[in-house]
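Novice: okay, sequence plus prediction incoming.
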Amino acid sequence: MVTFLGLSLVVNACSGAGSGSTPAKSGGTATTATAAAAGNPNGIVTYGYDLSASFTNTFDPGKSNGDCDQIPLSLIYDTIMHRDPSGKLLPGLATSVVQDGRTITVHLRSGVTFSDNEPFDSTAVKNGLLHNQKNSQLTSLAPIASMDTPDPLTLVVHYKDDTGVEFVGAMGGRDGYIVAPNAIASGTADKKPIGAGPFVLSNYQPGASISVRPNPTYWDKGRYKFAGVDFVQVGVGPPSLTALRSGSVDMVTVDAAGFSQFHGGQSGLDVAVQNTTAYLQFQFRFVKPFDNVMVRQAVLYAINRDEINRVVEVGQGEVATQEFPKNSVAYDPSLANLYPFNPDKAKQLLAQAGYPNGLDVEVAIPGGNISEMEQQGNIVQQELAAVGIRMKITRILGSDIATQYYIAGTGQAFLASRLGSTYPPDQVYSGYGKDQFVAIWSKGENPDITALMLQALKLGRDPQAFELTKQADKLIMQQALEAPIAFRPEFMAYRTTKLGGTVHAQTDICDPADLTSLFVKK
Amino acid sequence: MGGYIVRRILALIPLILILSALVFALSFLIPGDPARTLAGGLKATPERVALVRKQLGLDRPVYVQYGHWVGHASTGNLGKSLLDNETVGSQIKARFPVTLSLALGAMVVTLLIGIPAGILAGTHPGTFIDRLVTFGTSAAIAMPDFWLAMILVVVFAVKLHMLPAIGYIHPTASPVDWITHLYLPCFGLGLGGAASIARLLRGSLVDVLEQDYIRTAGAKGLKPRTIVLKHALKNAAMAPITVLGIQFAYLLGGTVVLEQIFSIPGMGQYFFNALVRKDLPVIQGVTLVVAITFVVVNLTVDVLYAYVNPKVRLA
């Protein structure tokens, strides 16, 4: 049974179960096969990264306070499981991670060592996970009850509850970065990290740069076709565009404006695009007037998703008709045309709901002058006004959304971008499940969805879990519990004169970009 | 002179105490909940948030927190960043020299351009040179620092590839690279100040050069250059010196934006990110250090002013 589930997990992971991502529409043109001929094995990739805002000054996953720390840390530690650019889980430092109810068995790869030559065995991984468990942000590790090490290559994790599937997914990220035993014992991982990743830290200038160079003991030699990465400080927005244009960086994440400027390969620059599970969303607070299903449906009919995708995401996103994109295992084609853009229908629904003369609502959007959020807010405001919904926009800074929108109750809806999950049942549960933060404070706890998702969470990655997720998603859309608008792309602009192979964008706002298929040109 | 300096320094003590209380109180007006952020954001349980809040000492009354903070601050301990795993003191120690080099570099630009331009215009009132300086200074004052900086980047880094667009190199690593990385930001930051100084100096010089003692110096046969540089400039410099002190504080403030544009790891960048992320110890620490720096610079200017003009010491 365990073996079957293990196979099932790996096969599902490879087929994209729960990823919801689409393959990269990469701007890279050369094939990997040309790397040997055209690549410079001693080349260094200069990667623009907002160190000052996105790096929390530690290389220790047990202390890391930010998801975006993953971008440099992933190269130093590698992960228990790998994720490909589309979000699929693949074997990494472990050959498989098998969930059987509340028990998860991790089968480690043999012959792996840390960069200081300590063995990467089950005891080291257990101690590494216990070390990471102290970090309150690594929530997948909190429910671990105990861990056993029956042999050097097997770790058995016992979970306190039925959410073990979260652990499996988290092994592809920060939760699964294992610090070497000596670095844990000496307490030096903070600034002198020792991991089992492809690179080692060679230099760090706080707020300015991080340099990594090859780890001679790495188990998968040849996976990276260059000799290191220099992450250099570049602020988001215009500074990133300038840095790329001036040649100060070889690659940098840019916004939609950057895509418009650089795509097409002119001037030696191009942009790789990666669809993600994050989506633009009109999230209701279930208070008057949005406690009325007809008002909510009116909003869904009033929003022109194609237009928002065209303007806000420069046409590179995917119009969202439900919580999951078309390539997700949880996608339900029957929902695709549930709410076509139809202002007349919206007006009709408002009249039926008792608002023949329209209504006033206050909608929060993320503040800080984020161009995409401002554009989306303006378009939705105009579209709702066209059907009689007068929308007042209130801006709330990203760091204040939990306290101001959810807890203090500012506004009747939140128009923003929602991060997706690599595991669809978790995504649905976090929005509408019992005792979930968003569900509680938006008054959106839903007993039917809770029951379905608790069942799904117990099933892990069994196909039935995704069928249950589809049922829940159908409830969400039929009852118009939210208005998904468009799945968001990530853009990675790069210098075609310097980088060859296939350049990938990040798979989500803080997920590391896959650098394995690019090379530095000679 | 010594007594004057001692009196001024003693007067700073209550001022800095009031400043510290203001800094502490104002930072509490910033909305947000660092405890929730640290506890894991939206997914954190109320128990976990409460635990983190207690660990951070944020559950204690504000006056207790202030007493604790000011007590530690007086010994140089400004606490630890809530998000960056670093002490605020160590980060300020690392970043202050960066910002200082930027501000001082900008001050050099201010002086090197402002003083000659002011002297040129002041000694040639009503001429083409005067009008040219007036036009140039008006344009420089009208241009926001960040806009000028962006134009400079586009021209010198993106188009001409003459100077680096971003970054900061420590002088010990490469003095040449240090200077080349500072050219554009210092010029962007200092040009507006140069224009202000030039205009002030021009006005003062025109007044001073019409005074009797200048005429007497001319009648005694002194060279015009000696009259201007040795006699007129000292008196004409009073107003510009006063403005220079304020200018320095302005330059320190201006680095917040400039450090973002040029990706310079200084205090401005540190402060900006702390503000966005509600990192209270950093906000409080940086504000306090900048405020104290401003006070000290003002004191220095006052002392300089008293040296140049002895009447001030009696006031």
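Specialist: Structure received. Numbers count the residues shown, from 1 in each chain, chains lettered A, B, ... in the order given.
Novice: now do the SS call for residue A:145.
Specialist: strand (DSSP: H, G, I helix; E, B strand; the rest coil).
Novice: I'd like to know how far it sits from chain B.
Specialist: Per Cβ to the nearest Cβ, to the nearest Å, residue A:145 is found 17 Å from chain B. Just so you know, the C-beta spots here come from the backbone N, C-alpha and C atoms, and that holds for glycine as well.
Novice: got the contact list for that residue?
Specialist: Counting by Cβ atoms under 8 Å, 6 or more residues apart in numbering or on different chains, residue A:145 touches A:158-160.
Novice: burial count for residue B:24?
Specialist: Applying other Cβ atoms under 10 Å in any protein chain shown, we find 22 residues neighbouring residue B:24.
Novice: contacts only, for it.
Specialist: With contacts defined as Cβ under 8 Å, 6+ apart, residue B:24 is in contact with B:65-66, B:69-70, B:284.
Novice: with residue A:271 instead?
Specialist: Applying Cβ under 8 Å, 6+ apart to residue A:271 gives the contacts A:27, A:254, A:258-259, A:262-263, A:491-494, A:505.
Novice: got the phi and psi for the closest residue in space to it that isn't next to it in sequence?
Specialist: Once flanking residues are discounted, residue A:271 sits nearest to residue A:263: 4.3 Å by Cβ to Cβ, 6 or more residues apart in numbering or on different chains. Residue A:263 has phi and psi values of phi -70, psi 150 when expressed as degrees, to the nearest 10.
Novice: what is the neighbour count of residue A:263?
Specialist: Neighbours of residue A:263 under the rule other Cβ under 10 Å: 20.
Novice: can you check residue A:186 too?
Specialist: By other Cβ under 10 Å, 11 other residues sit near residue A:186.
Novice: also residue A:106?
Specialist: 26.
Novice: so for the helix or strand residue B:21 falls within, what gets flagged as buried?
Specialist: In this assignment (DSSP states H and E), residue B:21 forms part of helix B:2-28. By neighbour count with 16 or more other Cβ atoms under 10 Å in any protein chain shown, helix B:2-28 contains the buried residues B:4, B:16, B:19-20, B:23-24, B:27.
Novice: check stretch A:191-204 too.
Specialist: For stretch A:191-204, burial by neighbour count (16+ other Cβ under 10 Å) applies to A:193-201, A:204.
Novice: which two from the residues you listed end up farthest apart in space?
Specialist: By the measure Cβ to Cβ, A:196 and A:204 form the most distant pair in the buried residues of stretch A:191-204, at 19.3 Å.
Novice: residue contacts, the closest residue to chain B within chain A?
Specialist: Nearest residue of chain A to chain B, counting by Cβ to the nearest Cβ: residue A:207, 3.0 Å away. Residues counted as contacts of residue A:207 (Cβ under 8 Å, 6+ apart) are A:51-52, A:233, B:94-95, B:265, B:269-270.
Novice: now, those that are in strands?
Specialist: Among those, the members falling in strands (DSSP state E) are residue A:233.
Novice: and the contacts of residue A:207 as CSV, adding pLDDT?
Specialist: Compiled in CSV, the contacts of residue A:207 are given as follows (pLDDT from 0 to 100):
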residue, pLDDT
A:51, 89
A:52, 84
A:233, 92
B:94, 90
B:95, 91
B:265, 89
B:269, 88
B:270, 90
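Novice: let's see which of the contacts of residue A:207 end up in helices.
Specialist: Mapping those onto helices (DSSP state H) picks out A:51-52, B:94-95, B:269-270.
Novice: mind listing the strands for the stretch 1-150 of chain A?
Specialist: Using DSSP state E, counting those that start in this stretch, the strands of the stretch 1-150 of chain A run over A:45-49, A:81-83, A:89-91, A:94-100, A:103-108, A:144-151.
Novice: out of the contacts of residue A:145, grab the one that's most surrounded.
Specialist: Highest count within those by other Cβ under 10 Å belongs to residue A:159, 20 neighbours.
Novice: once you drop chain neighbours, what's closest to that one?
Specialist: Spatial nearest neighbour of residue A:159, excluding adjacent residues (Cβ to Cβ, 6+ apart): residue A:102 at 4.4 Å.
Novice: roughly how far does that neighbour sit from residue A:153?
Specialist: Residue A:102 is 22 Å from residue A:153, where distance means Cβ to Cβ, to the nearest Å.
Novice: where does chain B have low pLDDT?
Specialist: By pLDDT under 70, the low-scoring segments of chain B are B:31-32, B:40, B:43, B:311-315.
Novice: spell out for me which residue occupies the centre of it.
Specialist: residue B:252 (2.2 Å; Cα atoms, centre = their mean).
Novice: so what's that one closest to, chain neighbours aside?
Specialist: residue B:103 (5.4 Å).
Novice: quick one, what contacts the one you found?
Specialist: Residue B:103 makes contacts with B:189, B:248, B:251-252, B:255, as judged by Cβ under 8 Å, 6+ apart.
Novice: pull up the residues of the stretch 201-315 of chain B that are close to chain A.
Specialist: B:260-265, B:269-270, B:273, B:276-278 (Cβ under 8 Å from any Cβ of the partner chain).
Novice: buried only: go through the residues you listed for me.
Specialist: Applying 16+ other Cβ under 10 Å to these flags B:260-265, B:269-270, B:273, B:277-278 as buried.
Novice: looks to me like residue A:271 is in a helix.
Specialist: No. Looking at residue A:271 with three-state DSSP, it is strand, so not inside a helix.
Novice: any stretches of the stretch 51-200 of chain A with poor pLDDT?
Specialist: For the stretch 51-200 of chain A, applying pLDDT under 70 flags the ranges A:85-87.
Novice: show me which residues of it are close to chain B?
Specialist: Residues of the stretch 51-200 of chain A lying near chain B (Cβ under 8 Å from any Cβ): A:51-53, A:56-58, A:60, A:63, A:65-66, A:136-137, A:139, A:190.
Novice: out of those, which is most surrounded?
Specialist: With neighbours taken as other Cβ under 10 Å, the top of these is residue A:51, carrying 28 neighbours.
Novice: that one reaches residue A:233, doesn't it?
Specialist: Yes. If you go by Cβ atoms under 8 Å, residue A:51 and residue A:233 touch, sitting 4.7 Å apart.
Novice: what residues do the two have in common as contacts?
Specialist: Joint contacts of residue A:51 and residue A:233 (Cβ under 8 Å, 6+ apart) are A:207-209, B:265.
Novice: please list all residues in contact with residue B:36.
Specialist: Counting by Cβ under 8 Å, 6+ apart, residue B:36 has contacts A:402-403, B:44, B:49, B:52.
Novice: which of the three states applies to residue A:157?
Specialist: strand.
Novice: and it, how many neighbours does it have?
Specialist: By the criterion of other Cβ under 10 Å, residue A:157 has 25 neighbours.
Novice: so in terms of bridging, what pairs with it?
Specialist: Beta bridges link residue A:157 to residue A:104, residue A:147, judged by DSSP bridges.
Novice: quick one: it and residue A:102, what's the gap?
Specialist: Counting by Cβ to Cβ - residue A:157 and residue A:102 are separated by 9 Å.
Novice: please enumerate the shared neighbours of these two.
Specialist: Shared contacts of residue A:157 and residue A:102 (Cβ under 8 Å, 6+ apart): residue A:164.
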